[in-house]
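Peer 1: sequence and predicted structure, then a few things I'm wondering about:
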Amino acid sequence: QLQLQESGPGLVKPSETLSLTCSVSGGSFRSSSYKWGWIRQSPGKGLEWIGSINYSGNTYHNPSLKSRVIMSVNTSKNQFSLKLTSVTAADTAVYYCARHDNGGWFDPWGQGTLVTVSS
Amino acid sequence: QSALTQPASVSGSPGQSITISCTGTSSDVGGYDYVSWYQQHPGKAPKLMIYEVTNRPSGLSNRFSGSKSGNTASLTISGLQAEDEAEYFCISYTRSDTLVFGSGTKVTVL
């Protein structure tokens, strides 16, 4: 059974870079049928797709965040990562990683990790 | 990209059927059969309920069904049960090759 688990700091200072990693287990990491995605959920903005990356490293971005998002993949560790630069309080949210099917749906999701931006 | 419009809340009694709508435009919901639905209980990760408008993941109860008419997709829950009380949201692929989320609907079982 495919499982995803987010990891990373729960507190980031304003103007710094948020860094998260998602570890994938129990299934195939290399497939052309899907990508690996990041989604966040905040009280003020609801759910928002951040972007996705495939195992080859091709990236797909939400245009509203593209200038601040860096995604990477490590196939040897079955992991993919997110960096969000120049964070502000508006970036405080629960961040989820998920398998992103080429048909546009996300399944399964990681449990989510709360990241708070505060000094 | 504006969020897809969902009713803030829908309620029903056990055993009843309810329908949640997800309204977009011809550039997203109306233009593609790539609408998915998710259930989210408080403090938990979202769970896929419907993909590609009408398809249920393997093992999911057939009490959940999806449909689409024009720019509006719908999720119907039949035989409402207490465990169905949760937040539900939709996602659609868009003409801009991005994804747009619904605003979310809280389902209450009376």
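Peer 2: Perfect, thanks for sending it. Residues are numbered from 1 along each chain as shown, chains lettered A, B, ... in the order given.

Peer 1: what sits closest to residue 18 if chain neighbours are left out?
Peer 2: I'll assume chain A. Excluding its sequence neighbours, the residue lying closest to A:L18 (Cβ to Cβ, 6 or more residues apart in numbering or on different chains) is A:L84, at 4.2 Å. C-betas here are computed from N, CA, C, even on glycine.

Peer 1: wait, chain B
Peer 2: B:G12 (4.3 Å).

Peer 1: partners of that neighbour in the sheet?
Peer 2: Here B:G12 sits in beta bridges with B:V109, going by DSSP bridges.

Peer 1: in which helix or strand would I find the residue nearest to B:L99 when sequence neighbours are not counted?
Peer 2: Sequence neighbours aside, A:W49 is the residue nearest to B:L99 in space, at 4.4 Å (criterion: Cβ to Cβ, 6+ apart). If you go by DSSP states H and E, A:W49 is part of strand A:46-53.

Peer 1: dump that strand to PDB, keeping only the CA atoms.
Peer 2: Extracted in PDB, the C-alpha atoms of strand A:46-53 (Å, rounded to 0.1, in the frame of the first residue of the first chain):
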ATOM      1  CA  GLY A  46      -8.400  27.000   1.700                       C
ATOM      2  CA  LEU A  47      -6.700  24.400  -0.400                       C
ATOM      3  CA  GLU A  48      -4.100  25.400  -2.900                       C
ATOM      4  CA  TRP A  49      -2.000  23.300  -5.400                       C
ATOM      5  CA  ILE A  50       1.600  24.400  -5.100                       C
ATOM      6  CA  GLY A  51       3.100  22.200  -7.900                       C
ATOM      7  CA  SER A  52       4.100  18.700  -8.900                       C
ATOM      8  CA  ILE A  53       7.200  16.900 -10.200                       C
END
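
Peer 1: what packs against that strand?
Peer 2: Judged by 3 or more Cβ pairs under 8 Å, 6 or more residues apart in numbering or on different chains; DSSP states H and E, strand A:46-53 is in contact with strand A:34-42, strand A:59-61, strand A:69-74, strand A:79-84, strand A:93-101, strand B:86-93, strand B:99-101.

Peer 1: what bridges to A:R99?
Peer 2: Assigned bridge partners for A:R99, using DSSP bridges, are A:W36.

Peer 1: my read: it touches A:P108, true?
Peer 2: Yes: A:R99 lies in contact with A:P108 (Cβ atoms under 8 Å); the separation is 6.4 Å.

Peer 1: my guess is A:P14 contacts A:S118, does it?
Peer 2: Yes: A:P14 lies in contact with A:S118 (Cβ under 8 Å); the separation is 7.4 Å.
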